[in-house]
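**Student:** Return atomic coordinates for the entry below.
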Amino acid sequence: DALPEKYRGNSFTCEPAGNLVHHDVLVESNATFSAKRAYDNLEFLASPDNWCRPVNLANGPDGALYMCDMYRKTIEHPQYLPKEVVPTTDWKSGKTMGRIYKFVATDFKAKENKFDLTKASTGDLCQMLENPNAWWRMTAHRLLLERQDKTAAPILRSVYRKSKSAEARAQALWCLDGIGSLQDSAILLALKDADANVREQALLLAEPRLKPTSELFDRALALADDPNARVRFQCALTIGQVDDPKIIPALAKIAEHNFADRWTQTAVLTAIHDHAGDVLHLLLTDKNNGDASAMYVRLSRMIGLTETPEKITALLNEICGANSDKDFAWQTSILNGLTDGLGGRPHNQLHLADLIKDQPVASQRIERVFKRCGQIASDSTQPTQQRLVAIGLLGHSQSADTRTILAALIDPSQPADVQIAAVRALGRSATPEAIRELIAKPRWNSYTPNVRDSVVALTFAKPELVNILFDAIEKQEIPAWSISPAHRDRFINHYNNDEIHKRAIALFRGLRGNDRMKIYEDWKPVASLKGDSKNGHKIFTKTCTPCHIFEGEGHVVGPDLTGIRNQPKETLLLHIIIPEYEIMPIYTLYNVETKDGNSYSGLLASESAESITLRQAAGVEQKVPRANIAAMASSRLSLMPQELEKTMSRQDMADLLAYLKGE
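**Tutor:** All right, here's what the predicted structure looks like:
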């Protein structure tokens, strides 16, 4: 409260590499928030002194915002800099010059207010929950929990009933819970609180107390229709603690409120137990709700993974019961999810064709959906997201015409996302003919590194496909160096086939153990060339955006490059030439071989008891059931494409460095 009122609820973030503190205004957005810059082209604090290193922020008891400035010339670790730079770097400069800043409003008047809260009475601590300054509330809360004084209970109940502050009411409930004095009656009252934030907290407090027959459970279910999105979000998470048919209409209602919000979708899906089919049927009462597409996909994927063939066939018949153009969107969404789920079943994989082979009407209508998908996928005027959905479904078709459509999309005239999606789709039924076409010299030379890696990944499914690739290398139709080091390593060390192992050693022997530091030394003069930022931006868009974000452009796969401009050009060049020079643990590359003959590489985006999810270039995610994993190993290599310097001239590299440095 020592800052102006407009700063309340704002976000402040230290960025030591950028010598600044960033200020965002948070705006409620469905179940979460969106952040907007507080000022155009300005920061809360920005210093021209590049030794200024803001590293921590805290609220003070006086209501001020405090900032710790570590103040150092160099903050990089020695192992992340070119070795010739390390001996000449002064690592200790600034070590005695750290400082603390205090931010207050210009009209703020400081008060002498010495205090010792360890001597405050329990009653005084309870009343401190009314303080508008969070420091006092949190400190009082902590001391009440440490004391475990049961005499606080009636005072805290009074704070909840009488306080006009939503923060105080919520904190009083949590203090009651912390001293073991919270009663169901208080939670029931809080579930009807006028403030949405208190209702949200009440749902959290109710969670461990819910039983199918309890009044708390019935009241929690009613909040599925709450006007506040965050309350509905928490409602899904809370009622999901109980596996009871009563939750089905409530979850469907929550989903209908927020089809466009992925966090609400995820909350519903985590709560659903084995009721995915029931929820989907409720949602299908309004089949043509365009916002429901993503939810249809995720629900039907769960059904494809877990339900019996009989129930899945019944759903397919329902899908095929509609036969008009307006039904195409929801039919495509459900078929996409179902086919993904069917292919991911750990022990008894099913195929769409097997389920409908004795049903001519269903076969005919599903074929019509596939045909329409082919038209959308090939139409560059269609929104990219719709094309990607159509391409994903085409990957489940057995038609030769479909394979022709997908192969045609792997072309430099298409966006990278479309090309990679087409490669992945084609990989579901990769044939020798398709591989030969994809690695034909004119095509191969036009691929960006990420598209090329996707094509090579297709061959891992079968030894005969690998041999077709190796034949092309032996005939010098494609150069051995264009196979990324990560894939070379997999062919040599991880592919479970002696013939492939021997051929890989023979083909890539001259490329193994390549001294990348020598290549860096050879390219280092590029850092002194004058660069063209405009051309550098084009190169960045083509080469780097599949995995990195810079100035709001790209995909979140590898590290965010915001703030990189403080790095010397030589350091930037080092990490481009030698991606393995610095790999943080969260960016470790994993190679996964599956029992059905597929092979995947990517960063470990998430994992559960049932599956792992690998994040690949362009933000593409591949879910692999644990039961289908034959082998999994981390790699010493980076997901970042190797030997990028071979895809550009020295002037191009200088231009890229100029763009990254903001010249």
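
**Student:** among the helices and strands of this structure, which one scores worst on average pLDDT?
**Tutor:** Ranked by mean pLDDT, DSSP states H and E, the helix or strand of the chain with the weakest confidence is strand 629-635, at a mean of 76.

**Student:** what lines up beside that one in the sheet?
**Tutor:** Note on strand 629-635: by DSSP bridges, its sheet partners are strand 589-594 (antiparallel).

**Student:** and the partner strand, average pLDDT?
**Tutor:** Mean pLDDT, strand 589-594: 82.

**Student:** Quick one: residues in contact with the least confident helix or strand of the chain.
**Tutor:** Strand 629-635 has contacts (C-beta atoms under 8 Å, 6 or more residues apart in numbering) with 486, 489, 494, 496, 588-595, 601, 612. Placement of C-beta: from N, CA and C, glycine included.

**Student:** So for it, what gets flagged as buried?
**Tutor:** Residues 629, 632, 635 are the ones in strand 629-635 that count as buried (16 or more other C-beta atoms under 10 Å).

**Student:** swap in stretch 4-16?
**Tutor:** Under the neighbour-count criterion of 16+ other C-beta under 10 Å, stretch 4-16 has 7, 12, 14-16 buried.

**Student:** quick revisit: quick one: the helix or strand following the least confident helix or strand of the chain to chain centroid distance?
**Tutor:** Following strand 629-635 in sequence order, the next helix or strand is helix 650-661 (DSSP states H and E). Counting by C-alpha atoms, centre = their mean, to the nearest Å, helix 650-661 is centred 29 Å from the centre of its parent chain.

**Student:** Does anything pack onto helix 650-661? Which helices or strands?
**Tutor:** In terms of contacts (3 or more C-beta pairs under 8 Å, 6 or more residues apart in numbering; DSSP states H and E), helix 650-661 is packed against helix 533-543, helix 569-577.

**Student:** What average pLDDT does stretch 76-88 get?
**Tutor:** The model assigns stretch 76-88 a mean pLDDT of 77.

**Student:** Going along the chain, name the strands of the chain.
**Tutor:** Secondary structure of the chain (DSSP state E): strands at 11-15, 20-29, 32-37, 45-46, 54-59, 65-69, 99-103, 549-550, 553-554, 589-594, 599-607, 611-615, 621-625, 629-635.

**Student:** all helices of the stretch 401-550 of the chain, in order?
**Tutor:** 416-426, 432-438, 441-446, 449-459, 463-474, 485-493, 498-508, 516-523, 533-543 (DSSP state H, counting those that start in this stretch).

**Student:** Any chance of those in TSV with mean pLDDT and mean neighbour count as columns?
**Tutor:** Below are the helices of the stretch 401-550 of the chain laid out as TSV (pLDDT from 0 to 100; neighbours: other C-beta atoms under 10 Å):
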stretch	mean pLDDT	mean neighbour count
helix 416-426	86	24
helix 432-438	85	18
helix 441-446	81	13
helix 449-459	84	24
helix 463-474	93	18
helix 485-493	81	21
helix 498-508	89	16
helix 516-523	87	15
helix 533-543	92	17
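
**Student:** Indicate which one of these is closest to His273.
**Tutor:** helix 416-426 (30.8 Å; C-beta to C-beta).

**Student:** So what touches the closest one?
**Tutor:** Against helix 416-426 from outside (C-beta under 8 Å, 6+ apart): 377, 384, 387-388, 391-392, 394-395, 403, 406-407, 409-412, 414, 434, 438, 447-448, 450-451, 454-455, 457-458, 542, 545-546, 617-618, 620.

**Student:** relative orientation of that helix and helix 449-459 in degrees?
**Tutor:** Inter-element angle recorded for helix 416-426 and helix 449-459: 0 degrees (by axes from the mean of the first three to the mean of the last three C-alpha atoms, to 10 degrees).

**Student:** remind me which residues of the protein are low pLDDT?
**Tutor:** For the chain, residues meeting the criterion pLDDT under 70 lie at 287-290, 323, 346-348, 429, 510-514, 585, 609, 634, 636.

**Student:** how many neighbours does Ser528 have?
**Tutor:** By other C-beta atoms under 10 Å, 9 other residues sit near Ser528.

**Student:** what about it, distance to Glu318?
**Tutor:** Per C-beta to C-beta, to the nearest Å, Ser528 is found 67 Å from Glu318.

**Student:** before we move on, what about Arg490?
**Tutor:** Applying C-beta to C-beta, the value for Arg490 to Glu318 is 43 Å.

**Student:** do Phe233 as well
**Tutor:** Here the criterion is C-beta to C-beta. By it, Phe233 lies 29 Å from Glu318.

**Student:** Same question for Thr543.
**Tutor:** Thr543 is 46 Å from Glu318, by C-beta to C-beta.

**Student:** hang on, the earlier thing: among the buried residues of stretch 4-16, which one lies nearest to Thr562?
**Tutor:** Glu15 (8.0 Å).

**Student:** hang on, the closest one packs against Pro54?
**Tutor:** Yes. If you go by C-beta atoms under 8 Å, Glu15 and Pro54 touch, sitting 7.0 Å apart.

**Student:** okay, and the common contacts of the two?
**Tutor:** Val21.
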